[in-house]
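# only geometry, no sequence info:
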């Protein structure tokens, strides 16, 4: 147990990698064995991550379960990982959605099963690594590593214009992360010049900034902020850098879309919250009006564009642009409600949009089309799927007692109470997004599910299979749990978020 | 019998090169007695020579001798020794993959290996020399051997054409280089780089003659590394040369030329830094950008890799522009990394050459994952490394070079460089798309000889190892910092 506590984070990163290696050794003809092995390793990682929740102590604001080993001592590069209230739930989200995606790919993926699950597991390792890294060099490594499996997931198992979508995804992300690398290195040298210590260690940098040992000229700070921002904004994506997203989401296989929307987008908002806001406090203040404006444009623009999409999956993709706009808004209002709401909304979006992609995937597997016009009255042949779809749609809209409500409510409360200029105007505009969201989601639901069955082919569609229930029911239960008793989740964030908003002069790193 | 020009120690300093010369001649003589079926022994002889030379070099490194000899014309410092190790590794890997390829081409003769060893000797002297005349002769020894090797396929017109272009342009650039050398001699009255540095420092900083010398030297040297605008020979030579020779000249001579450039610029021309840094910055940006953008439209894998190697020369110039410890270590580690990843990828290109298939079109790799899954995965690793994606070695190399210019506040250069690295992903992944996402067009599998397999295993292991645990390799590369002493 002691060993478990000290190395749990490394175990989390390594378990999927080991899983991928094991899969690589298995016979590629035995699809069922491959699926089960992948599922086993996914589940194992998820169970390990639950151990984090169980042993996480809510009162502490610092990083817990930290591991800190020298990696390239010649240049002060360390393997430093840790988890705090901000990253905790995101890690769980990643491990949880991986299990769900593996289950969801059981039938849909028929060709090259072995490689598929290898890439899913490698992607999981990358995602967990990104959320856990406390050394910027390590962070960058995981950030880049993750690109490759996602590229293959879209490029090999995607639909239609998959290669175009995959290349667009990788080029966009690579341009962003390239700029981030420049900023990370600049900070590294700035810090070394100021303190004489060559390190990429994030807590040490923060400490130096908080104690004014590392003072960055506001002009330089703005550039560094923008470099980080470029990378994260592309990932979120913040309007107008979102154009890769509809293609990638639409062409990706279901599991790819779920992980892309559910977890990868959160890396962007996580990065903004963890690095931009904390490393560059002055620049953050400078750019806040600008970013909030972009976020609101994103909320409204995403919703309007989603409304007119004829393709179900593309509609869900654009709804992500809108939802992530809320998250960005929550981060940049800088108060307890806003930031906690933003983190909460990241989780909600993972669950509800993940769920939507899963359901679209299930419908696609049955009908091999995603055109909304091709559907209508699907509730008649598939009542159970319709019920699940309804609950997840409502969760996405933000109906009270479901998870979406809590996040949006917190963000809007935070927005109205924010101490920034024209906060009320901004927040009112953002609040219209909630209405738009209800409009396009319900309208879509009505066109797809309700009414008479208009197409012959839709009459005899089978309802949810046993496996599909196992995919959707956990998501729905979580949505309910998070909607009814948010305190369980919020409590663990409190200490870290309040420290983020009021940084103490000297911070302790939990060993 | 010894006079001031010759000390007994001198022989010891060049002992590895003497061994190599002996083996180069030995290969040719042994070749005369070999039956056609036993020609593979030539490769063994050459490998044994390299092993001996490596051992001798290792002994030199451990016995801290006074490593300056031949009346201070040669300085075998740890910078030189580091690069010689890189050359030896690269040459050994190339020899491993040559035997099978040459027998397919029907040109399996001993002089091939002799020429490779001779060019290796040239390269060794290029990094040891600190005297312009020594450096020039060493450079020519390397270059002349290369000209012959590029045209080694006597009956192949493309190979001949490549050799001719390479030779003419190479000779021309050597002429320009020599002109620069003569100007430096005229200014300083010496061919010793250290003396030249002293003399240059005494002169006014914007001395027109010194500037002309710098420009001509730069032009001549840029030709050797394929820097824009002196890069035109490179894609043709790379495409026309036998693939094994392309593998060789894309790594070892390029590393040697770079080491030579470092020696000349960092030691000899240091006082003129303010005049060559802006020139090289422009060249660096052009080289990276042109290499990467032109590579996008290539359909031949050899040409694609040729343009990619032009782009890599651009990245390497970053280290020289920074000219600090990070930059020099960066260039040193980059060549070690480059030796493994580039030879790895070229080995696969060599292996695609089958009896009746040229195999150098990107389209020939279609569906490689179905035919040769192992080779496809290896190719992926090498491509990722060339693109600089962690956790491969290429990332460590790029990291150093980018970090070096950021340390010296060349932010614009750094941003252009990282954006270039992002562009390069596009064409590297184009190859990945063909390998992993296209259907196979034929059933022809690769022929993997034991030599090719060994080379692939070594390059793969080091490409990943340097990426995941770079510490020991960085310490090794830091040997090159003796350049500053």
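Sure thing, it's come through. Every value quoted in this text rests on a predicted model; they were computed, and no experiment measured them.
# who does the longest strand along chain A pair up with?
Counting residues, the longest strand found in chain A (DSSP state E) is strand A:64-72. Taking DSSP bridges as the criterion, strand A:64-72 sits next to strand A:77-83 (antiparallel) in its sheet.
# what residues does the partner strand touch?
For strand A:77-83, the surrounding residues in contact (Cβ atoms under 8 Å, 6 or more residues apart in numbering or on different chains) are A:9-10, A:13, A:52, A:56, A:62-71, A:91, A:129, A:131-135, A:137-138, A:199-203, A:509-510. C-betas here are computed from N, CA, C, even on glycine.
# Then stretch A:12-23?
Residues from elsewhere that reach stretch A:12-23 (Cβ under 8 Å, 6+ apart): A:34, A:37-38, A:40-42, A:44-45, A:48-49, A:52, A:81, A:91, A:95, A:98, A:114, A:117-118, A:121-122, A:124-125, A:128-129, A:132.
# for residue B:315, what are its contacts?
Counting by Cβ under 8 Å, 6+ apart, the residues that residue B:315 touches are B:288, B:334, B:398, B:401, B:417, B:420-421.
# could those go into a markdown table alongside secondary structure, distance to chain A and pLDDT?
Formatted as a markdown table, these follow (DSSP: H, G, I helix; E, B strand; the rest coil; distance: Cβ to the nearest Cβ, whole Å; pLDDT from 0 to 100):
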| residue | secondary structure | distance to chain A | pLDDT |
| --- | --- | --- | --- |
| B:288 | helix | 13 | 93 |
| B:334 | helix | 15 | 94 |
| B:398 | helix | 9 | 91 |
| B:401 | helix | 11 | 92 |
| B:417 | helix | 9 | 93 |
| B:420 | helix | 9 | 92 |
| B:421 | helix | 6 | 91 |
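# still on that earlier bit, just the buried subset of the contacts of stretch A:12-23, please.
A:34, A:37-38, A:41-42, A:44-45, A:48-49, A:52, A:81, A:91, A:95, A:98, A:114, A:117-118, A:121-122, A:124-125, A:128-129, A:132 (16 or more other Cβ atoms under 10 Å in any protein chain shown).
# and these, which of them are in strands?
Using DSSP E, the members of the buried ones among the contacts of stretch A:12-23 that fall in strands are residue A:81.
# coming back round to it: mind giving me the PyMOL select for the contacts of strand A:77-83, buried ones only?
The buried subset of the contacts of strand A:77-83, as determined by 16+ other Cβ under 10 Å, is captured in PyMOL by this line:
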select buried, chain A and resi 9+13+52+56+62+63+64+65+66+67+68+71+91+129+131+132+133+134+135+137+138+199+200+201+202+203+509
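# any low-confidence regions in the stretch 151-300 of chain B?
Counting by pLDDT under 70, not a single residue of the stretch 151-300 of chain B qualifies.
# ugh, typo on my part, it should be chain A
Across chain A (using pLDDT under 70), the flagged ranges come out as A:1, A:503-511.
# for it, longest helix please?
Ranked by residue count, the top helix of chain A under DSSP state H comes out as helix A:162-195.
# Around the residue of chain A found nearest chain B, how many other residues sit close by?
When scored by Cβ to the nearest Cβ, chain A has residue A:178 as its residue closest to chain B, at 3.5 Å. By other Cβ atoms under 10 Å in any protein chain shown, the residues close to residue A:178 number 25.
# From residue A:493, how far out is the spatially closest residue to residue A:272 that is not a sequence neighbour?
For residue A:272, the nearest residue in space outside its immediate sequence neighbours is residue A:232; the separation is 4.9 Å by Cβ to Cβ, 6 or more residues apart in numbering or on different chains. In this structure, residue A:232 and residue A:493 are separated by 20 Å, where distance is defined by Cβ to Cβ, to the nearest Å.
# Between these two, point out the one with more neighbours.
More crowded of residue A:232 and residue A:493, by other Cβ under 10 Å: residue A:232, with 26 against 21.
# Skip ahead from the strand or helix carrying the more buried one and say which helix or strand is next.
With elements taken from DSSP states H and E, the one containing residue A:232 is helix A:218-235. Where DSSP H and E defines the elements, the next helix or strand beyond helix A:218-235 is helix A:244-251.
# Just the angle for that next one relative to helix A:162-195, thanks.
Between the direction of helix A:244-251 and that of helix A:162-195, the angle (axes from the mean of the first three to the mean of the last three Cα atoms, to 10 degrees) works out to 140 degrees.
# Summarise which helices and strands helix A:244-251 is packed against.
Using 3 or more Cβ pairs under 8 Å, 6 or more residues apart in numbering or on different chains; DSSP states H and E as the contact criterion, the elements in contact with helix A:244-251 are helix A:162-195, helix A:312-332.
# immediately after it, which helix or strand?
Moving toward the C-terminus from helix A:244-251, the first helix or strand encountered (DSSP H and E) is helix A:254-259.
# Next, the contact list for the residue nearest to residue A:272, please.
Under the criterion of Cβ under 8 Å, 6+ apart, the contact list for residue A:232 reads A:176, A:180, A:267-269, A:271-272, A:275-276.
# That one and residue A:406, how far apart?
Note on residue A:232: its distance to residue A:406, by Cβ to Cβ, is 24 Å.
# Over to residue A:278?
Counting by Cβ to Cβ, the gap between residue A:278 and residue A:406 amounts to 25 Å.
# right, and residue B:220 touches residue B:173 too?
Yes - distance between residue B:220 and residue B:173: 5.0 Å, which falls inside the contact criterion (Cβ atoms under 8 Å).
# Just after the longest helix of chain A, pick out the following helix or strand.
In the C-terminal direction, the helix or strand that comes right after helix A:162-195 (DSSP H and E) is helix A:202-210.
# how about the residues of chain B near chain A?
Contact residues of chain B with respect to chain A, defined by Cβ under 8 Å from any Cβ of the partner chain, are listed as B:384, B:389-391, B:395, B:399, B:402-403, B:406-407, B:411, B:414-415, B:418-419, B:421-423, B:425-426, B:429, B:433, B:436-437, B:469-471, B:474-475, B:478.
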